[in-house]
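**Student:** Please find the sequence and the predicted model below.
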Amino acid sequence: MAKKSKRGTAGGTGKKTKSGVRAGAAKTKTRAQPARSAAPKNVARARPKARATAARKPRHAPARRHPVADQLARNKELVLNLYHKLIGEKDYEAARQFMGPQYRQHAPYAADGHSGVAEWLGKFKAAFPHHRYEVKRVIAEGDLVVLHLHGQNGPNPFGESVVDIFRVEDGKVVEHWDIIQAIPESAANLNSMF
């Protein structure tokens, strides 16, 4: 009579069957291996590096300064200050600080130089004490600043579209041109002059 076989052995021969220990080892091996993902091996390694790099970078990098843009911004501010004092407040003496030692005038209604501006402003203030303006655009390029304005309460009932051009030299306004167009009661199109 054959001996009773132990579980996993065939007839007590000591050989293990597939259903015995070998099968258990195969199951253990399968359980021990992690599930493989479709991602390449280097992705898992790259993540810690990416985190470390991100941690070193500031969240908001400071804005870079551009000398040309800074100069254009200063020129715009200078011209707007001049215009506010000269035309808005109608105060030549307050505006004079923004003007260079020489002031060249191209507008046909004012004499050249500082005395020409002062004389014209006195007449303008007397004739239109309630004149005001609204800045629509400020454009700067090189040493020029252009203002596009809506003049109101001046010589024309619907106001004026004004383009003033100023030249800046050594941080002061030294030259002026302008173009003034009366706003008509009606226009051939529905677009504004601004």
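**Tutor:** Arrived safely, thanks for sending. Quantities reported herein were computed from a predicted structural model and do not represent experimental measurements.
**Student:** For the closest residue in space to H106 that isn't next to it in sequence, grab the count of nearby residues.
**Tutor:** Leaving aside its sequence neighbours, H106 sits nearest to W177 (CB to CB, 6 or more residues apart in numbering; 4.3 Å). Quick note: C-beta positions are derived from backbone N, CA and C, even for glycine. Number of residues near W177 (other CB atoms under 10 Å) recorded here: 15.
**Student:** mind listing what the helix or strand containing W177 pairs with, with the direction of each?
**Tutor:** Element membership of W177 [criterion: DSSP states H and E] is strand 172-182. Taking DSSP bridges as the criterion, strand 172-182 pairs within the sheet with strand 99-105 (parallel), strand 160-169 (antiparallel).
**Student:** In contact with D164: list those residues for me.
**Tutor:** Shown in contact with D164 (CB atoms under 8 Å, 6 or more residues apart in numbering): 83, 146-147, 149, 176-178.
**Student:** hmm, back to that, wait, isn't the residue nearest to H106 in contact with I165?
**Tutor:** Yes: under the criterion of CB atoms under 8 Å, W177 makes contact with I165 at 4.3 Å.
**Student:** By mean pLDDT, flag the weakest helix or strand of this structure.
**Tutor:** In the chain, no helix or strand scores lower on mean pLDDT, DSSP states H and E than helix 21-32, which sits at a mean of 51.
**Student:** does K136 really touch G151, like I thought?
**Tutor:** No: at 10.8 Å, K136 does not count as touching G151 under the criterion of CB under 8 Å.
**Student:** So between these two, which is more surrounded?
**Tutor:** Higher neighbour count among K136 and G151: G151, with 21 against 15, using other CB under 10 Å.
**Student:** Let's verify the more buried one: helix, strand, or coil?
**Tutor:** strand (DSSP: H, G, I helix; E, B strand; the rest coil).
**Student:** who touches it in this structure?
**Tutor:** 131-133, 159-162, 180.
**Student:** Okay, it and K76: tell me how far apart.
**Tutor:** To K76, G151 is 19 Å away according to CB to CB, to the nearest Å.
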